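Asks: structure for the following, please:
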Amino acid sequence: MSKPWSGVMASTRGLAFQGNVRILAVTSMTTGTYVTMLSALLQPFVVESLGFSVFVLGMLVAIGARPTGLASSLVQPFAGRLADLVGRKPLILAGSVVGIFSMVSFVLAAATRGLVPLLIGYVFFGLALLGYPATQAAIAESVSMDQRKMKVAFSLVFLFTYLPGVFAPGVGGYVASAVGYGVLFGAAAILEAANLVMLVSSFQETRLPPEATEAPRQPARFSLRQTFGVPRDLLRTFVPFAMDAFCFGIGGALIYGMWSSAFGFTATEVGLIASVLSASIVATQYVSTRLLIRVGSRRMLAFGEFLTVVVLAGWLAFPTVAAAVLLAVVFGFSVSAWVPALSSLLMTVAPVGERGSVGGKLAAFRGIIGMPAPFIGGYIFTSFGYYVPLYLSLVGEAFTTIALLKLLPR
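Replies: Residues are numbered from 1 along each chain as shown. Below is the predicted model:
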């Protein structure tokens with residue numbers, strides 16, 4: 001048993017010092033510092049600080065949330081197609097630039113308390129994921145599409161993304177309570193600007209020209225059918241991920257805002273919960289990577305989904321800060337099981353010349369189906385309270401767990 005486990009560690013050490021994997025791990029850590037913070041604090045900012053309703057929050061989440069909001073979902077197919085045509089680096093840089101504009105818009109929203117800059121900030125926050133399909137393809141290509149190395153590389157970059165989340169949400173919640181949210185958004189803009197400088201100077205293009213690969217030559221133009229169309233042989237793969245986006249979006253996607261509105265959770269308390277979530281993701285990443293290699297992507301995704309069902313049941317039964325902190329440990333294991341497994345599965349089933357496009361198509365498919373969920377969840381919360389949207393999420397995620405096992409390729 002010791003050799004496989006030590007093999008994972010050896011692969012991780014090797015990849016951590018390898019070209020693009022290194023720079024993407026570092027820039028992901030920089031981005032993760034503020035994204036893990038904002039994933040927890042944006043909802044209390046809207047509901048608690050600015051005083052908007054959970055229904056308005058649902059509208060903003062539906063439009064600009066990452067990764068299933070309308071903005072990120074619609075931009076990623078175009079971005080993935082562009083990444084296959086012109087290369088990975090231009091799209092990754094563009095995503096960083098948009099991320100900076102997003103944080104500047106949030107600064108204006110904090111200063112003016114206006115809905116318009118808040119909406120613009122959410123839209124840009126979603127659009128900043130236009131570099132995500134290119135990043136996923138670049139990671140896979142940086143390890144020459146080696147199956148084992150690819151799984152380890154995705155897990156490594158994912159680990160670095162959530163590593164600062166161990167402290168960032170807790171510190172951010174304290175800072176927001178002490179001096180306001182504007183300082184947090186300004187710091188986030190500076191961090192993403194530093195990211196942009198590192199990417200410009202250090203990232204190396206991984207896309208090979210079509211003549212250097214066995215991939216069929218792609219026409220250098222956009223086609224809505226080609227850009228958004230789901231390949232027939234991948235439809236079964238896409239369906240359970242769209243189910244997850246819709247079902248979790250009804251209740252789970254609004255949980256921080258619902259806690260703030262229904263039970264008076266403060267920004268500091270929400271930050272603490274999010275910090276424990278990130279600490280759990282980091283602590284369980286090694287185990288998740290090993291399990292991913294051993295059991296494969298399909299079973300790992302189903303396992304992560306089952307843990308989400310457990311978490312939703314806990315949120316329903318025990319809506320307290322102490323229980324939420326404990327459940328964050330379980331939720332962290334769910335996230336660490338899910339994300340690298342999804343990336344590995346996508347890069348495995350994607351045609352050679354469409355690695356960027358397939359990720360974007362999945363994002364659009366999930367986002368278009370999942371986009372109404374926060375609207376619905378916000379309305380149900382406003383009309384019926386805390387428990388109904390979470391119960392609907394729980395039932396839906398239970399069916400999604402079964403769908404993952406039945407529909408995903410072995």
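
Asks: just want the most central residue of the chain.
Replies: Closest residue to the average C-alpha location of the chain: Pro67 at 4.9 Å, with C-alpha atoms, centre = their mean.

Asks: chain neighbours aside, what residue packs nearest to Phe399?
Replies: If the residues on either side of it in the chain are set aside, Phe399 comes closest to Met243, at 7.0 Å by C-beta to C-beta, 6 or more residues apart in numbering. Heads up, the C-betas are built off the backbone N, CA and C, glycines and all.

Asks: separation between that neighbour and Gly51?
Replies: Distance of Met243 to Gly51, computed by C-beta to C-beta, to the nearest Å: 34 Å.

Asks: so for the two, which residue has more residues nearby?
Replies: Taking other C-beta atoms under 10 Å, Met243 and Gly51 do not tie; Met243 has more neighbours (23 against 9).

Asks: so the more buried one is in which element?
Replies: Using DSSP states H and E, Met243 sits within helix 235-251.

Asks: returning to what we had before: and the pLDDT at the residue nearest to Phe399?
Replies: At Met243, the pLDDT value in this model is 94.

Asks: just checking, it touches Ala403?
Replies: Yes: using C-beta atoms under 8 Å, Met243 is in contact with Ala403, at 5.7 Å.

Asks: right, and the helix or strand after the lowest-mean-pLDDT helix or strand in the chain?
Replies: When each helix and strand of the chain is scored by mean pLDDT, DSSP states H and E, helix 2-16 comes last, with a mean of 48. Downstream of helix 2-16, the first helix or strand assigned by DSSP H and E is helix 19-44.

Asks: just checking, what packs against that next one?
Replies: helix 2-16, helix 88-112, helix 132-142, helix 147-162, helix 168-179, helix 181-202, helix 255-263, helix 267-295 (3 or more C-beta pairs under 8 Å, 6 or more residues apart in numbering; DSSP states H and E).

Asks: run the last query once more with 6 Å
Replies: In terms of contacts (3 or more C-beta pairs under 6 Å, 6 or more residues apart in numbering; DSSP states H and E), helix 19-44 is packed against helix 132-142, helix 147-162, helix 168-179, helix 181-202, helix 255-263, helix 267-295.

Asks: buried ones in the shortest one?
Replies: Counting neighbours by 16 or more other C-beta atoms under 10 Å, one finds that the buried residues in helix 255-263 are 255-261.

Asks: return the distance of that helix from the chain's centre.
Replies: 21 Å (C-alpha atoms, centre = their mean, to the nearest Å).

Asks: and for the second one?
Replies: Distance of helix 147-162 from its chain centroid, counting by C-alpha atoms, centre = their mean, is 14 Å.

Asks: who touches it?
Replies: Applying C-beta atoms under 6 Å, 6 or more residues apart in numbering, the set of residues contacting helix 147-162 from outside is 11-12, 15, 21, 24-25, 28-29, 32, 139-140, 143, 278, 281-282, 285, 289, 292-293, 339-340, 343-344.

Asks: what's the helix or strand hosting Ala328 packed up against?
Replies: For Ala328, the element it lies in under DSSP H and E is helix 321-349. Using 3+ C-beta pairs under 6 Å, 6+ apart as the contact test, the elements touching helix 321-349 are helix 147-162, helix 267-295, helix 297-317.

Asks: which SS class is Glu205?
Replies: coil (DSSP: H, G, I helix; E, B strand; the rest coil).

Asks: so it is in contact with Pro90, correct?
Replies: No: using C-beta atoms under 6 Å, Glu205 is not in contact with Pro90; the gap is 9.0 Å.

Asks: residues shared between the contacts of those two?
Replies: Common neighbours of Glu205 and Pro90 (C-beta under 6 Å, 6+ apart) do not exist.

Asks: need the contact list for the nearest residue to Leu129 once chain neighbours are set aside.
Replies: Closest residue to Leu129 apart from its sequence neighbours, by C-beta to C-beta, 6+ apart: Ser72 at 4.1 Å. Applying C-beta under 6 Å, 6+ apart to Ser72 gives the contacts 66, 126, 129.

Asks: what's the nearest residue to Val183 if we skip its chain neighbours?
Replies: Here the residue nearest Val183, using C-beta to C-beta, 6+ apart, is Val175, at 6.1 Å.

Asks: please name the residues that touch the closest residue to Leu272 other than its chain neighbours.
Replies: Spatially, and ignoring its direct neighbours in sequence, Leu272 is nearest to Gly170 (5.2 Å; C-beta to C-beta, 6+ apart). Listed by C-beta under 6 Å, 6+ apart, the contact set of Gly170 reads 271-272, 275.

Asks: ditto for Ser297
Replies: Contacts of Ser297 by C-beta under 6 Å, 6+ apart are 341, 344-345.

Asks: one more: Leu292?
Replies: 151, 300, 341.

Asks: how far away is the first one from Thr284?
Replies: Put plainly, it is Lys151. Taken as C-beta to C-beta, the span from Lys151 to Thr284 is 15 Å.

Asks: can you point out the buried residues in the helix or strand where the residue nearest to Leu129 lies?
Replies: Secondary structure assignment for Ser72, by DSSP H and E: helix 70-86. Neighbour-count burial for helix 70-86 flags 70-85 (criterion: 16+ other C-beta under 10 Å).

Asks: report the rounded mean pLDDT for it.
Replies: pLDDT averaged over helix 70-86 gives 82.
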